[in-house]
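Undergrad: I would like to see how this sequence folds:
(chains A and B)
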Amino acid sequence: MYSYSEFDEAFVRARVAQFTQQVARRIDGSLTEDEFRPLRLMNGLYLQLHAYMLRVAIPYGTLNPRQMRQLAHIAQTWDKGYGHFTTRQNIQFNWPKLPDVPRMLAALADVGMHAIQTSGNCVRNVTSDHFAAAAADEIEDPRPYAELLRQWSTDHPEFQFLPRKFKIAITGAPNDRAVTAAHDIGLRIVKNAAGETGFQVLVGGGLGRTPMVAMTVRDFLPVEDLLPYVEAVLSVYNTLGRRDNKYKARIKITLHETGKEAITEMIEARFAELRPLFGGNDQALLADIRAAFAPPAFRNAPVDAYDAFYKADPVFRAWADTNLAAHRNDQYAIVTISLKAHGQTPGDATADQMRVMADLAERYGHDELRVSHEQNVILPHVHKSDLPAVHAALMQAGLGTANVGLISDIIACPGMDYCALATARAIPVAQEIASRFNDLKLEHDVGPLKIKISGCINACGHHHVGHIGILGLDRAGVENYQITLGGDGTEDAVIGERAGPGFAYDEIVPAIERIVAAYLALREGPEETFLQAYRRVGLPPFKAALYPAEGTRDAA
Amino acid sequence: MARFTPKVVTANALIEGDVVYLTADNRWTRRHDEAELIADEAQAQMRLAHAVAQGNIVVGAYLADAQTGQAGPEPTHFREVFRTRGPSNYFLGKQAELI
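TA: Down below sits the predicted model:
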């Protein structure tokens, strides 16, 4: 995988040195909070509900074992022994103390990591398909382009003070696992009629208070035009984007207010100006980056041990059926490690668990780990003969839950257990839903079902694209949960429909149970998934199940 | 105009980030029940100004609704209740530290 160049290393070290001085000046009183706040946010340091929070970027979700071990070390040394993997492929530490943060950043720099541009109105961590370079359905590894975009956007002088934050996602596979349609710019690698590789460019997607599916502004963008084109989009947005109203400042609103045709013309005009300025250095750099993403030396060995184990051990089989995905090399599998043990916090891993995952990646996984936006960790390249050993080690560490893609594999933002912006809790709702369906022993019968929970309208928990979405709100001083149904975060992205009035905290789990019972009763067979059934029958039968005594409840 | 409801002054400690409350004798305490419960609006604004001026000790001071309780002031809104104890998914923060 990509390692820091001398330039990256010097830049990150210089930033740590600067921030060390800034923290010292804040503590000795030379800097006020108003002066310090933008500086700490530039370095990923937030002040949350109970403590500071440090958000560390995991570029396009790729980690090596050394980096994962360093995250464990940081969690144990300066935090409370765990970290929270987020829906933006970052990791958050929830309990740092201000004087320790420079040391945490120095420890990150030691392994080529940082927290730069994880906050603020700039280009954030470029996210990608967590199965990149491994998935059987992939056209090309998207990560070299993500890395090119990372280098280009890091400290880019023109784009440090955009109207609002800016998120780019890229996928190399037709099955979109990176929710590209819900990003400010979504890039999908495609082939044109001549067989050349390029990008379908989507602009203006986003969730939050005004959820929108992105529009395609270019069906085919040649690879060599990537940076000038993305720069043109950002440049137009930087000029037109509304700085007068935070809630109208994202590019989705700019696009909506300007109109797709007008904005596309402006982007193309700006692109025509910028394109000649890119003399080919970017392509030389891309070639170097590509070399760093060369595939590992895959092993050629029999897979009989896997087949025998699969037949003999039902626990292993259940895990293999849910947590493995097809690898491009048919002797290999992609392993998704569930960070969703029933009743535990979605996306959390202890320092010990991080070390186990690092060890497994080193021993069985060609030194690679990925973090998914669904808050799980992936070993992208595991030879099938090693799967029984990997599974056994995961079981021992409490990481062997067989639930990927099922009802308990829930996305949940930190919500009001940590976040200063939250209007309600998200984590305990996820914990209770997972525990309940585990008690019922129903989740394997229910099959693929994505529940996504946000603790406020900003939608970090992606509730709009959950098959079942849950949004926690504050209604007159009480937690209240709104349900949306039929959302989809894939290539056919759809924003879910609101089911009706919200539910109190102690009503939300039974409400989800009624939705699932309705689905089981109306599906045409086990092969019809929840989402397919919803698309067939629409909202009414689920609404009837949710509100059996319609009319007795006040509209929330 | 809405009737003024009693308040406490709360903030986060600059160094640790902990939730803190202003006491009547001008200390910053971790315990909500030791906070000064302010019944008068003008007094609340003055106490808040006093807190904001201590920007080298605390960050983000604001007035939060509270009411008289058994041991002292108690929060009325669930957000402020969570701030008195810590997250619900782990036994961490004040609920573990203030026993």
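Undergrad: which residues of the stretch 301-450 of chain A lie near chain B?
TA: Residues of the stretch 301-450 of chain A that fall close to chain B, judged by C-beta under 8 Å from any C-beta of the partner chain: A:345, A:348, A:416-418, A:425, A:427-428, A:431. No exception for glycine: its C-beta is placed from N, CA and C like everyone else's.
Undergrad: wait, chain A
TA: A:26-27, A:29, A:32-33, A:47-52, A:80, A:94-99, A:345, A:348, A:416-418, A:425, A:427-428, A:431, A:474, A:477-479.
Undergrad: and the strand ranked longest in chain B, how far out from the chain middle?
TA: Scanning chain B for the strand with the most residues, using DSSP state E, yields strand B:58-68. With C-alpha atoms, centre = their mean, to the nearest Å as the basis, strand B:58-68 stands 4 Å off its chain's centre.
Undergrad: longest helix of the chain, counting residues only.
TA: Because you didn't say which chain, this covers chain A. Ordering each helix of chain A by length in residues (DSSP state H) puts helix A:6-27 first.
Undergrad: oops, I was thinking of chain B
TA: helix B:41-52.
Undergrad: ok, the residues of the stretch 301-450 of chain A next to chain B vs residue A:335, which is closest?
TA: Of all those, residue A:348 has the smallest distance to residue A:335: 19.0 Å, by C-beta to C-beta.
Undergrad: quick one: least confident helix or strand in chain B?
TA: Of all helical and strand segments in chain B, the minimum by mean pLDDT, DSSP states H and E falls on helix B:94-97, at a mean of 93.
Undergrad: now do the residue of the stretch 151-300 of chain A found nearest chain B against residue A:357, distance only.
TA: Proximity of the stretch 151-300 of chain A to chain B (C-beta to the nearest C-beta) peaks at residue A:246, 18.1 Å away. Distance, residue A:246 to residue A:357, using C-beta to C-beta, to the nearest Å: 38 Å.
Undergrad: for whichever residue of the stretch 251-400 of chain A sits closest to chain B, phi and psi?
TA: Proximity of the stretch 251-400 of chain A to chain B (C-beta to the nearest C-beta) peaks at residue A:345, 4.7 Å away. Here is the backbone geometry of residue A:345 (degrees, to the nearest 10): phi -80, psi 120.
Undergrad: OK, contacts around the residue nearest to it when sequence neighbours are not counted?
TA: Leaving aside its sequence neighbours, residue A:345 sits nearest to residue B:89 (C-beta to C-beta, 6 or more residues apart in numbering or on different chains; 4.7 Å). Shown in contact with residue B:89 (C-beta atoms under 8 Å, 6 or more residues apart in numbering or on different chains): A:345, A:348, A:417, A:427-428, A:431.
Undergrad: one more pass at 7 Å, please.
TA: Residues in contact with residue B:89 (C-beta atoms under 7 Å, 6 or more residues apart in numbering or on different chains) are A:345, A:417, A:427-428, A:431.
Undergrad: for residue A:241, same thing?
TA: Per C-beta under 7 Å, 6+ apart, neighbours of residue A:241: A:162-164, A:249, A:251, A:254.
Undergrad: quick one: which of those residues is most hemmed in?
TA: Within the contacts of residue A:241, residue A:251 tops the neighbour count with 30 neighbours, counted by other C-beta atoms under 10 Å in any protein chain shown.
Undergrad: that residue contacts residue A:183, correct?
TA: No - with contacts counted by C-beta atoms under 7 Å, residue A:251 stays clear of residue A:183, the gap being 9.7 Å.
Undergrad: specify the local secondary structure of residue A:236.
TA: Look at residue A:236: counting by DSSP: H, G, I helix; E, B strand; the rest coil, its state is helix.
Undergrad: and it, how far is that from residue A:264?
TA: Separation of residue A:236 from residue A:264 (C-beta to C-beta) stands at 10 Å.
Undergrad: around chain A, which positions in chain B sit nearby?
TA: Proximity of chain B to chain A is confined to B:12, B:14-19, B:55-56, B:59-60, B:77-79, B:82-83, B:86-89, B:92-93 under the rule C-beta under 7 Å from any C-beta of the partner chain.
Undergrad: show the buried residues in those.
TA: For the residues of chain B next to chain A, a burial check counting by 16 or more other C-beta atoms under 10 Å in any protein chain shown picks out B:12, B:14-19, B:55-56, B:59, B:78-79, B:82-83, B:86-89, B:92-93.
Undergrad: chain center to stretch A:202-216, what's the gap?
TA: 16 Å.
Undergrad: what does stretch A:436-450 give?
TA: Distance, stretch centre to chain centre, for stretch A:436-450: 23 Å (C-alpha atoms, centre = their mean).
Undergrad: equivalent analysis for stretch A:324-337, please.
TA: Worked out by C-alpha atoms, centre = their mean, stretch A:324-337 lies 20 Å from the chain centre.
Undergrad: list the contacts of it.
TA: Taking C-beta under 7 Å, 6+ apart as the rule, stretch A:324-337 contacts A:131, A:134-136, A:138, A:298, A:300-301, A:303, A:323, A:357, A:376-384, A:387, A:390, A:394, A:399, A:404.
Undergrad: which of these are buried? Put it as a ChimeraX command.
TA: Per 16+ other C-beta under 10 Å, the buried members of the contacts of stretch A:324-337 correspond to this ChimeraX selection:
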select /A:131,134,135,138,303,323,357,376,377,378,379,380,381,382,383,384,387,390,394,399,404
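Undergrad: which of the contacts of stretch A:324-337 fall within helices?
TA: Among the contacts of stretch A:324-337, the subset assigned to helices under DSSP H consists of A:323, A:357, A:387, A:390, A:394.
Undergrad: ok, so of those residues, who is nearest residue A:59?
TA: Nearest member of the ones in helices among the contacts of stretch A:324-337 to residue A:59, counting by C-beta to C-beta, is residue A:357, at 18.0 Å.
Undergrad: quick one: pLDDT of that closest one?
TA: pLDDT for residue A:357: 98.
Undergrad: same check on residue A:556?
TA: 44.
Undergrad: the closest residue in space to residue A:225 that isn't next to it in sequence and residue A:151: what is the separation?
TA: Nearest non-adjacent residue to residue A:225, counting by C-beta to C-beta, 6+ apart: residue A:275, 6.7 Å away. As judged by C-beta to C-beta, residue A:275 and residue A:151 stand 19 Å apart.
Undergrad: and these two? Which one has more around it.
TA: Legend: neighbour count by other C-beta under 10 Å for residue A:275 and residue A:151, higher for residue A:151 (20 against 15).
Undergrad: per-residue pLDDT, residue A:552?
TA: 50.
Undergrad: what of residue A:459?
TA: On the pLDDT scale, residue A:459 is placed at 96.
Undergrad: report the contact partners of the residue nearest to the spatial centre of chain A.
TA: Chain A has residue A:373 as the residue nearest its centroid, 2.3 Å off, counting by C-alpha atoms, centre = their mean. Counting by C-beta under 7 Å, 6+ apart, residue A:373 makes contact with A:87-89, A:127, A:178-179.
Undergrad: assign it to helix, strand or coil.
TA: Classified using three-state DSSP, residue A:373 is coil.
Undergrad: gap between it and residue A:55?
TA: Here the distance between residue A:373 and residue A:55 works out to 15 Å (C-beta to C-beta).
Undergrad: now intersect the buried ones among the residues of chain B next to chain A with the helices, please.
TA: Members of these lying in helices (criterion: DSSP H): B:78-79, B:82-83.
Undergrad: okay, now residue A:365: neighbour count?
TA: Around residue A:365 there are 25 residues (other C-beta under 10 Å).
Undergrad: surely it touches residue A:377?
TA: No - counting by C-beta under 7 Å, residue A:365 sits too far from residue A:377 to count as a contact (10.6 Å).
Undergrad: which stretches of the stretch 401-550 of chain A form helices?
TA: For the stretch 401-550 of chain A, the helices defined by DSSP state H, counting those that start in this stretch cover A:427-440, A:443-446, A:508-522, A:530-537, A:540-546.
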